[in-house]
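S.K.: with the sequence up front, the predicted model follows.
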Amino acid sequence: GAGVSQTPSNKVTEKGKYVELRCDPISGHTALYWYRQSLGQGPEFLIYFQGTGAADDSGLPNDRFFAVRPEGSVSTLKIQRTERGDSAVYLCASSQQGNQPQHFGDGTRLSIL
Amino acid sequence: GIQVEQSPPDLILQEGANSTLRCNFSDSVNNLQWFHQNPWGQLINLFYIPSGTKQNGRLSATTVATERYSLLYISSSQTTDSGVYFCAVESWPQLVFGKGTKLTVNP
């Protein structure tokens, strides 16, 4: 596609449930990033993939959060045992390679009830 | 880690006015981007400007890397310019964002 695509655009679920958020990067972009944006704040880094491997996962808040990119294109962010504090907009970005401009998707708005 | 400060936090303008938004950062950087987050939450690339000056229509940006700041100029503002403007600098591999400037342009 022309831009970074994220699905779903909105997700509402109950505390304790498992969720998966999907990101389809710009075609040909090898670098992929996940960020989280809380209300009134700028996005905060979660994890970076170069190809299939998670090259830097230092931003993941705890072990309930996990992300994969098995074929070096689409990525899935997985959150186990969701908590109300996980409510936020989850943004995905991609770049041609590292150290190039990052282009963001429209985000997934996650609400934990 | 690197710190990014944006000013002013809020700005209200009448349509047609000009404005300057500022971004200060605490360390040397290889990448600096300006974004506009519209009221629907979309984060739109404005400039990739680690140094120098660029212009795109009514918008222009200047980064003085040696003095660790960047400026975003908006001329002849329109109501569609409303939203939050973010500066983000690279602290490899992540972008570190400032808290943004919330711009409201009134008709």
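M.R.: Structure's in. What do you need? Bear in mind the structure is a predicted one, so any value in this text is a computation, not a measurement. Numbers count the residues shown, from 1 in each chain, chains lettered A, B, ... in the order given.
S.K.: how many residues are close by the residue of chain A found nearest chain B?
M.R.: For chain A and chain B, the shortest gap (C-beta to the nearest C-beta) falls at A:G42, measuring 3.0 Å. Where you see a C-beta, it was placed from the backbone N, CA and C, and this is true even at glycine. A:G42: 22 surrounding residues under other C-beta atoms under 10 Å in any protein chain shown.
S.K.: wait, it touches B:G98, no?
M.R.: Yes. Contact criterion C-beta atoms under 8 Å: A:G42 and B:G98 qualify, at 5.9 Å.
S.K.: tell me, what's touching these two both at once?
M.R.: Residues within reach of A:G42 and of B:G98 at once, by C-beta atoms under 8 Å, 6 or more residues apart in numbering or on different chains, are B:F86, B:A88.
S.K.: excluding sequence neighbours, find me the nearest residue to the residue of chain B found nearest chain A.
M.R.: Residue nearest to chain A within chain B (C-beta to the nearest C-beta): B:F97, separated by 3.0 Å. Once flanking residues are discounted, B:F97 sits nearest to A:G42: 3.0 Å by C-beta to C-beta, 6 or more residues apart in numbering or on different chains.
S.K.: residues from chain A in reach of chain B?
M.R.: Remark: the part of chain A in contact with chain B comprises A:31, A:33, A:35, A:40-45, A:48, A:50, A:55-56, A:59, A:89, A:91, A:93, A:98-99, A:101-104, A:106-107, A:109, using C-beta under 8 Å from any C-beta of the partner chain.
S.K.: picking that back up, can you give me the distance of the residue of chain A closest to chain B to A:E71?
M.R.: 31 Å (C-beta to C-beta, to the nearest Å).
S.K.: before we move on, what about A:N99?
M.R.: Noted for A:N99: a distance of 23 Å to A:E71, by C-beta to C-beta.
S.K.: one more: A:A2?
M.R.: On the measure of C-beta to C-beta, A:A2 and A:E71 end up 20 Å apart.
S.K.: swap in A:S111?
M.R.: In terms of C-beta to C-beta, A:S111 sits 30 Å off from A:E71.
S.K.: same thing with A:L21?
M.R.: To A:E71, A:L21 is 17 Å away according to C-beta to C-beta.
S.K.: any buried residues in stretch A:88-98, and which?
M.R.: Using 16 or more other C-beta atoms under 10 Å in any protein chain shown as the test for burial, stretch A:88-98 gives A:A88, A:V89, A:Y90, A:L91, A:C92, A:A93, A:S94, A:S95, A:G98.
S.K.: excluding its backbone neighbours, what's nearest the fifth one?
M.R.: Residue nearest to A:C92 in three dimensions, not counting chain neighbours: A:C23, with 3.4 Å by C-beta to C-beta, 6+ apart.
S.K.: surely the one you found is within a strand?
M.R.: Yes. Assignment of A:C23 by DSSP: H, G, I helix; E, B strand; the rest coil places it within a strand.
S.K.: got a list of what it touches?
M.R.: A:V4, A:S5, A:Q6, A:L32, A:W34, A:V74, A:S75, A:T76, A:L77, A:C92, A:S94, A:G105.
S.K.: then B:I49?
M.R.: When contacts are counted by C-beta under 8 Å, 6+ apart, B:I49 touches B:L32, B:Q33, B:W34, B:A61, B:T62, B:T63, B:S70.
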